[in-house]
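>>> Give me the fold of what follows.
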Amino acid sequence: MPRKDLNDMSIRIKKVANEFGNSPLGKSPLAKQPLVATPSTILAMVMDAMIKSKPISHDISQKTMNHLIEAGYHDIDKLHKSTWEERTEVLREGGYNRYREQSATNLGNLAQFVMDKYDGDLNNLLKRAHGRREKTRPLIKEIKGIGELAVELFFDNVQSVWPSIAPFVDSRSLQTAEEVGIGANMQAVYSALDQDPKQMSWFVNGLSSVRLEKKQFAIEST
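Residues are numbered from 1 along each chain as shown. Got it, this is the predicted structure:
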């Protein structure tokens, strides 16, 4: 690729990351906490993917996620001890009405799954996968309520604390990257971001914001 094209691509990448990007869980009550691979951080990212993968407005899904965090459900013990009725009420408060009952069940199943199979810590899942993305994917999909889109959303965020997952961009954001002239070569993007997995996650979240806010022209015209 000619140097001018590389420079243009790099400028667009930095604009997406810096102007539209956000850290994983950055719009939740966990935003001010250090971004490290604690059991609660990984569990929160799984819940985030589970909630946001349903065809429901982004605002409602984010509000619902915030309520789940405020209820302390990113703590595996608290989620495990919660009742179906309690989880249903938290989801109702978030406005998550269409998928409320099924999601309350899925959250209960999630807690039981993590306790039984991974000793309460999903970091053990990554260890079982030997840190390899292609082996991590089917293990994550064993969680009820986690389909293909949810796996992609989870990888978008978890690469920030599980660097072996990086570089990763979900299919919808990959299409946005092509629309704004960045292209689909995510290794090139990763290099432009100094192979920083946290920056990669900010970039992907930036692409999502560009798509949701219909700001493609702001990047294309850079």
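>>> Beyond the helix or strand where residue 178 lies, next helix or strand please.
Using DSSP states H and E, residue 178 maps to helix 171-179. Following helix 171-179 in sequence order, the next helix or strand is helix 186-192 (DSSP H and E).
>>> if we can go back for a sec, just checking, what packs against the helix holding residue 178?
On a contact count with 3 or more C-beta pairs under 8 Å, 6 or more residues apart in numbering; DSSP states H and E, helix 171-179 meets helix 148-158, helix 197-213, helix 216-220. Where you see a C-beta, it was placed from the backbone N, CA and C, and this is true even at glycine.
>>> okay, it in PDB with CA atoms only?
C-alpha atoms of helix 171-179 as PDB (Å, rounded to 0.1, in the frame of the first residue of the first chain):
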ATOM      1  CA  SER A 171     -18.600  -8.700  11.500                       C
ATOM      2  CA  ARG A 172     -20.900  -5.600  11.700                       C
ATOM      3  CA  SER A 173     -18.000  -3.300  12.700                       C
ATOM      4  CA  LEU A 174     -15.800  -4.900  10.000                       C
ATOM      5  CA  GLN A 175     -18.400  -3.800   7.500                       C
ATOM      6  CA  THR A 176     -18.300  -0.300   9.000                       C
ATOM      7  CA  ALA A 177     -14.500  -0.200   8.700                       C
ATOM      8  CA  GLU A 178     -14.800  -1.000   5.000                       C
ATOM      9  CA  GLU A 179     -17.500   1.700   4.600                       C
END
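>>> for this protein, longest helix please?
Identified as the longest helix of the chain according to DSSP state H is helix 100-118.
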